[in-house]
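Engineer: below are the sequence and a predicted model for it; my questions follow.
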Amino acid sequence: MGGNQSWVTEFILVGFQLSAEKEELLFWIFSLLYIFSLLANAMILGLICLDHRLHTPMYFFLSHLAILDMSYASNNVPKMLANLLNQKRTISFIPCIMQTFLYLAFAATECLILVVMSYDRYVAICHPLQYTVIMGGRVCTILAVTSWSCGFTLSIVHASLLLRLPFCGPRNVNHLFCEILSVLKLACADTWINQVVLFAASVFVLVGPLCLMLVSYMHILWAILKIQSKEGRIKAFSTCSSHLCVVGLFFGIAMLVYMVPDSNQREEQEKMLSLFHSLFNPMLNPLIYSLRNTQVKSAFHRALQKRSV
């Protein structure tokens, strides 16, 4: 680009482009879902911190998942809610890049935390006698720190490559927030390096972890089938079913957005998929773990009993 080319100082988030009445209705619906998501994840996090019976590796990683879900939703949803009530849907350049950076960082970290949780289930079911030795406190901390570090390192790479691009117009981001693929379309330069790095990162945090989890659950399924009692098989499977539901929702949507070739017809579909990731998935995760987990429900009942005393 020429030296006299001016940079864009702010973008316009296009959003849904619905009537004012429909957008106001969506504002109230999404606000309630967002508040419920924060409260549900905070409840899970609080129960894990306060109840010593939940101080195990499985719930240690679940607490990280709750923090990620609250952060993930809070990065995108407040601005989206404000835009539903405001016709001037601008966002400055630096906040837009920060939104992209945090979105990618939390998403990548959640992928890796879910992999670590599957490894925890593998050790618990396939090597129960060695579980406390293998999944000690130091190992759990290292796995969690590594997941967060890798997620933010990958996001720094994406943000750095994004900052080197010139943005000289148009300014309309055809999305609900500053999602990286939508922002890249506005660059006034070739973005093939960004696309290649993004695809490679998607393979690293989506395809690779998914393959590892499939291998883990093949071993888990084989170990469950060898359990003699029916009650034992049901108990073993119930400890994995919640995690499988979360993995299916998170990885399935992420792969549809970042691994399937892009097209103009998919832009509206990608908005809905990203909305599910940012709003519905953080709300569903605590529901899945609380409704299908007897230990979490028991901890909740104990907390209520303490308050009533």
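Structural biologist: Ah, there it is.

Engineer: C-alpha from now on. contacts and neighbour counts both.
Structural biologist: Noted.

Engineer: show me the shaky parts of the chain.
Structural biologist: The chain contains residues with pLDDT under 70 at 1-6, 236, 239, 258-267, 291-293, 304, 307-309.

Engineer: quick one: the helices in it, in order.
Structural biologist: Remark: helices assigned in the chain by DSSP state H are 20-50, 57-85, 93-126, 131-134, 137-163, 180-184, 192-202, 208-225, 230-258, 267-275, 281-291, 294-308.

Engineer: in the third one, what's buried?
Structural biologist: Within helix 93-126, the residues scored as buried using 16 or more other CA atoms under 10 Å are 93, 96-97, 99-126.

Engineer: the shortest one now?
Structural biologist: Applying a neighbour-count criterion of 16+ other CA under 10 Å, one finds 131, 134 buried in helix 131-134.

Engineer: ok, and what's touching that helix?
Structural biologist: 123-124 (CA atoms under 8 Å, 6 or more residues apart in numbering).

Engineer: nearest to Pro170, of the helices of the chain?
Structural biologist: Nearest to Pro170, of all those, is helix 180-184, at 10.4 Å by CA to CA.

Engineer: how about that closest one as PDB, C-alpha atoms only?
Structural biologist: Provided in PDB are the C-alpha atoms of helix 180-184 (Å, rounded to 0.1, in the frame of the first residue of the first chain):
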ATOM      1  CA  ILE A 180     -10.900 -12.700  13.200                       C
ATOM      2  CA  LEU A 181     -12.200 -14.100   9.800                       C
ATOM      3  CA  SER A 182     -14.600 -11.200   9.400                       C
ATOM      4  CA  VAL A 183     -11.900  -8.600  10.300                       C
ATOM      5  CA  LEU A 184      -9.400 -10.200   7.900                       C
END
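
Engineer: and it, how far from the chain's centre?
Structural biologist: In terms of CA atoms, centre = their mean, to the nearest Å, the centre of helix 180-184 is set 18 Å apart from its chain centre.

Engineer: what's it packed up against?
Structural biologist: Identification of packing neighbours for helix 180-184 by 3 or more CA pairs under 8 Å, 6 or more residues apart in numbering; DSSP states H and E yields no helix or strand.
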